[in-house]
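# build me a model from this:
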Amino acid sequence: MDKKAVSTFIKIKGCLLVQREKFSSRLGFVLISSGCAIGLGNVWRFPYITGQYGGAAFVLIYLFFLLILGLPIMVMEFSVGRASQKSAARSFHELEPKGSKWHLYSYGAMLGNYMLMMFYTTVGGWMLIYFLKMARGEFTGQSPEAVEDIFGGVLANPAQMCFWMVFVVLLGFGICSLGLRNGVEKITKVMMSCLLMIMISLVIRAVTLPGAAEGLRFYLLPDFGRMADQGIMSVVSAAMGQAFFTLSLGIGAMAIFGSYIGKERSLTGESINITVLDTIVALMSGLIIFPACSAFGRDPGQGPGLVFVTLPNIFNQMPMGRFFGALFFAFMSCAALSTIIAVFENILSFAMDLWGWSRKKAALVNVAAIILLSIPCVLGFNVWSGFQPLGAGSNIQDLEDFIVSNNLLPLGSLVYLLFCTSRYGWGWDNFIKEADAGNGLKFPKAIRFYVTYILPLIVLVIFFQGYNDKFHLWERFMSLFR
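Sure, this is the predicted structure:
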C-alpha cells in the first residue's frame with residue numbers, strides 16, 4: 001500500500017472513530033435538560049400568573065395540563081434527538097421518509113433558538129445587575145418610588161445593559177466551548193445544585209415571616225370560587241399556556257440532549273424526572289413569593305414588575321433583606337444562565353452538524369452573531385423605544401418573545417407531534433421503539449389516539465389563543481355584528 005493510500009485509510013478510519021459526545025452520567029442528562037426547561041418562566045412568570053388567576057386552583061389545573069400536554073411532546077422531542085444522533089438542524093433529514101419535506105422545519109427550529117437568545121441574554125444580564133445592586137446595598141433605605149426608578153434607570157442605560165448582555169454571552173459560550181462533559185455538564189451540575197440550595201434557604205425564610213400564613217393559604221388551598229370569579233375558561237387557557245411553554249418544547253432545545261444519551265434508559269421515565277424537577281422549582285418559587293408578598297401586603301399578581309420592583313421593596317422591609325435579596329437574584333441568575341447555556345449548546349451543535357466545525361470555531365462565530373442579534377433588544381428599551389411593533393407600549397423584546405412563544409414553540413411542537421405519529425412522517429412504530437428502548441417506564445400505547453388526533457388540536461387551540469390574547473381577535477370579530 002503506497003503512502004497516499006495509507007494516508008487516505010487513516011483519514012477514513014479516523015472519521016469512523018469519531019463519535020458523538022455523551023453525558024458522563026444519567027444525572028448530567030437530567031440536570032442539563034432540566035436546566036433548559038427551568039428558566040425565568042418558572043420563577044418569574046409562574047408566580048404572577050398564579051397570582052392573577054386565583055392561586056391553588058390554578059396550580060392544580062396547571063399540573064394536570066403539564067402531564068397531558070408537555071410530557072408527551074417532550075418524549076417525542078427526546079426520541080427524535082436520540083434516534084437521529086443529531087441536533088434539530090439535521091435530525092429530520094436523518095429520520096424522514098425519502099422524498100418528504102419534514103426537514104424544512106429545521107430552519108424554524110434554528111430560528112427559534114437564535115430568537116430566544118436575542119432577548120434572553122438581555123434578561124440574564126438584568127438578573128446579574130440586580131444581584132450586584134442588591135449585594136452592594138443600593139436598595140437599602142430606598143422608597144418604593146425610588147426602587148421603581150432604579151429599574152427604569154437600568155432600562156434607560158444601553159451601555160450598562162449591553163455590557164452585561166455581552167458578559168452573559170461570553171460566559172455561556174465560554175462554558176460550552178469547554179465541551180459537553182468538561183464544560184456544559186460539569187458547570188450545569190454545580191449551577192443547578194446551587195439553585196436548589198438557594199431556593200430551599202429562601203423558602204425557609206419566606207414561610208417563617210410574620211404574616212406569611214395568608215399567602216400560603218392562597219397558594220396551597222384551592223378556592224374554586226376565586227377561580228370562577230376570574231372566568232373558568234380564562235383560567236384554563238392560562239394554565240394550558242403556562243404548562244405548554246414552561247418546558248421550552250418545539251424548537252429542538254430538548255432534542256439535542258436526547259442525541260447525547262445512550263439507550264440504557266427509556267425516555268418516558270427520564271422525561272418524567274425532568275418535568276418533576278421543573279415543576280418543583282416552579283412550585284418552590286411560589287413558596288418564596290406568595291408568603292413574602294402576604295407578609296408585607298404586596299400584590300403577587302403584578303406581572304414582570306413583581307421581580308424588579310415588588311420583591312426589592314419586600315427585601316427592603318425584611319430582616320437581613322439585603323442578604324436574602326442577593327440570594328434571590330443569585331437564584332434568578334442561575335435559572336437564566338442554565339437555560340442560556342443549554343440553548344447555546346444547541347446553537348453550537350447546529351454549526352457542528354451542518355458544517356463539521358470544531359466546537360471552539362462554532363463558539364467564536366456564534367459569540368459575534370448572538371451579540372449582534374441581541375443589540376436590538378437592548379436598544380428597544382431606550383434609543384429605539386419609539387418603535388412599538390405590537391402597539392402602544394410594546395417594544396422589540398415583546399416582538400421577539402411573541403414570535404418565539406406564540407408561533408415557533410406551538411407550531412414546532414405540532415411538527416414533532418405529527419412527525420412522530422403520522423405514517424407520512426417518522427411514524428408511531430419508530431417513535432415507540434425509540435422511546436421505549438432501555439429500562440424504565442414505557443410510553444403508554446393506549447394514548448395513541450389522543451396524541452395523534454386530540455393533542456394536535458389542543459396545540460392549535462393554544463396557538464390561536466395566543467393571537468387572541470395579543471390582538472383581541474374574537475372581540476374584534478364579534479364587534480362586526482354589533
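
# for the helix or strand harbouring F151, which positions count as buried?
F151 is part of helix 144-155, with elements assigned from DSSP states H and E. By 16 or more other CB atoms under 10 Å, the buried positions in helix 144-155 come out as V147, E148, I150, F151, V154, L155. C-beta here means a position set from N, CA and C on the backbone, and glycine is covered the same way.

# counting contacts, what elements does it pack onto?
helix 105-136, helix 158-177, helix 311-317 (3 or more CB pairs under 8 Å, 6 or more residues apart in numbering; DSSP states H and E).

# between that helix and helix 158-177, how big is the angle?
70 degrees (axes from the mean of the first three to the mean of the last three CA atoms, to 10 degrees).

# for helix 144-155, what is the distance to the chain centroid?
Here helix 144-155 is found 27 Å from its chain centre; the criterion is CA atoms, centre = their mean, to the nearest Å.

# what of stretch 313-333?
The answer for stretch 313-333 is 24 Å, by CA atoms, centre = their mean.

# output that stretch as CSV, nothing but the C-alphas.
Extracted C-alpha coordinates of stretch 313-333, given in CSV (Å, rounded to 0.1, in the frame of the first residue of the first chain):
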residue,chain,number,x,y,z
ASN,A,313,-39.3,46.5,48.2
ILE,A,314,-40.1,43.4,50.2
PHE,A,315,-36.5,42.6,50.8
ASN,A,316,-36.1,46.3,52.0
GLN,A,317,-38.5,45.6,54.8
MET,A,318,-37.3,42.1,55.7
PRO,A,319,-34.8,41.4,58.4
MET,A,320,-31.4,40.6,56.7
GLY,A,321,-33.2,41.6,53.5
ARG,A,322,-30.0,42.6,51.7
PHE,A,323,-28.6,39.1,52.2
PHE,A,324,-31.8,37.3,51.2
GLY,A,325,-32.3,39.7,48.2
ALA,A,326,-28.8,39.0,46.9
LEU,A,327,-29.6,35.2,47.3
PHE,A,328,-32.8,35.6,45.4
PHE,A,329,-31.2,37.3,42.4
ALA,A,330,-28.3,34.8,42.5
PHE,A,331,-31.0,32.2,42.2
MET,A,332,-32.6,34.1,39.3
SER,A,333,-29.2,34.4,37.6
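
# what sits up against it?
Residues from elsewhere that reach stretch 313-333 (CB atoms under 8 Å, 6 or more residues apart in numbering): 40, 43-44, 124, 127-128, 130-131, 134-135, 137, 139-142, 144, 147, 194-195, 198-199, 201-202, 205, 209, 288, 292-293, 295-296, 298, 307, 311-312.

# what's the ChimeraX syntax to select whichever of those are buried?
Remark: buried members of the contacts of stretch 313-333, expressed as a ChimeraX selection using 16+ other CB under 10 Å:
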select :40,43,44,124,127,128,130,131,134,139,142,147,195,198,199,201,202,205,209,288,292,293,295,296,298,307,311,312
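
# counting neighbours, what do you get for the closest residue to A206 other than its chain neighbours?
With sequence-adjacent residues excluded and distances taken as CB to CB, 6 or more residues apart in numbering, A206 is closest to P291, at 4.3 Å. P291 has 26 neighbours, counted by other CB atoms under 10 Å.
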